[in-house]
Structures are given as structure tokens and as C-alpha cells.
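Colleague: Mind looking at a prediction? Sequence and model below.
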Amino acid sequence: MANEFLVSKWKIWYKSLDVNHDGKISIEDVEESRSKFSDLHKLDAEKAKSVEANFGNWWNEYIFRGKTGDISETEFINSLKKDYESDKAKFEKEMDKCFNIFFDVIDTNKDRSISEDEFLIAFKAYGHENVALDTKFFTAYKPVEGLVPLRTIVDSWIDFVCSSDASKPSIVKSSFEAGV
């Protein structure tokens, strides 16, 4: 069963996906995030088209989860709760795939690690534009030579959306609660 702690983290995730901060997740959030991401990375037209398609597919599969139109926080939480409670192991596998795909797109140079620049651009594209807080979030991963292994970041997000253990520290949860 999804406990109150886990549901509270899903609410944080929901808010983080509301790119234009209008209180709902919609196609406008998808469009804004993927066009900002391409613009901030100064991607050429062909690469931008590919990245934007990958982002669109990710949003449709893992966020909209088969639904069309806007998604309220309640709908988002209920969808996650249904999948989590019906088969936790399958849910965790799905979230592993979700965040591997997401961060693979963000890893534009495909070196299997995330630089501070890649991290800041991704968060800016998702409407999180407080550079000081985003930088603090990145440094919480303890980068080595300016890089954090992709697996480290993916695992932190999987833990964030799957762990119901309130005693376990979460870089993602702490960063969002600090204002990211």
C-alpha cells in the first residue's frame, strides 16, 4: 500500500512537472519543456527534432500514462497509486525505465554521466530556474571532476518515487523541499 509519505513525494513530483506553474500537467508543459531544452542546448534542427520526440514519448508513457488532456494532481496520484499497489515490483521496474529514459535524453553528450551544465539546463527547461538551488541540488550528488554518474541520479529518482521509508534520506525530496 502506498503510505502517506510516498504519496507526499508523488505530490512533489507532480508539482515539479508543472513546467508553466498553472496548477495542472498539460500538453503546454510538454511543449514548453522540450522547446526550452532544445533552445538552451542550442541543438541543431535534426537533433532538436529527435530530442523533442523522445521527450514527447516520455511524457506520454510515464506522465500522462495513456490519458489525453490535462492531468490533475489527484488523477496523477491515483494512477501511480493504482500501479504501485497492484504490483510494486512492476512499478519499480517501470520507474527504473522511466528515469533511465529521461536522464538518457538529458545526457546530451552520451557519456553516461551528468555535468552541472546538463543538470541546470534540464531543470531550467522544466521551469526550475533558481540556479543557486538547482546547483545545490546537483552538488548534493557529490560530483567527481564535475560529473555525477547517470546511474546515481537515476537511482535517486527511483528511490524518490518508489520508497515508502520515511527514515531514508532523499536528495530529490530534500532539494524540492528546499525550494527547487
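Modeller: Thanks, I have it.

Colleague: which residues in this protein form strands?
Modeller: Residue ranges of the strands in the chain, as given by DSSP state E, are 113-115, 147-149.

Colleague: In the protein, where is pLDDT below threshold?
Modeller: By pLDDT under 70, the chain has no low-scoring segment.

Colleague: circling back to that earlier point, deepest of the strands of the chain, which one?
Modeller: Comparing these by mean neighbour count (mean count of other Cβ atoms under 10 Å), strand 113-115 ranks first with a mean of 21. Where C-beta positions appear, they are placed from N, C-alpha and C, glycine not excepted.

Colleague: Show me what that strand is packed against.
Modeller: When contacts are defined as 3 or more Cβ pairs under 8 Å, 6 or more residues apart in numbering; DSSP states H and E, strand 113-115 sits against strand 147-149, helix 150-162.

Colleague: before we move on, back to that, of all the strands of the chain, which one comes closest to Pro169?
Modeller: In terms of Cβ to Cβ, the element of these nearest to Pro169 is strand 147-149, at 16.5 Å.

Colleague: Distance of Phe76 relative to Glu31?
Modeller: As defined by Cβ to Cβ, to the nearest Å, Phe76 lies at a distance of 18 Å from Glu31.

Colleague: Was I right to think Phe76 contacts Ser26?
Modeller: No - using Cβ atoms under 8 Å, Phe76 makes no contact with Ser26, being 11.8 Å away.

Colleague: Which of these two has more residues huddled nearby?
Modeller: Taking neighbours as other Cβ atoms under 10 Å, Phe76 and Ser26 compare with Phe76 leading, 21 against 17.

Colleague: Run a quick neighbour tally on the closest residue to the more buried one other than its chain neighbours.
Modeller: Among residues not flanking Phe76 along the chain, Tyr14 sits closest, at 4.9 Å (Cβ to Cβ, 6 or more residues apart in numbering). By the criterion of other Cβ under 10 Å, Tyr14 has 20 neighbours.

Colleague: for the closest residue to Phe102 other than its chain neighbours, what are its contacts?
Modeller: Closest residue to Phe102 apart from its sequence neighbours, by Cβ to Cβ, 6+ apart: Trp58 at 5.7 Å. By Cβ atoms under 8 Å, 6 or more residues apart in numbering, Trp58 lies in contact with Cys98, Ile101, Phe102, Val105.

Colleague: All good on my end, thank you.
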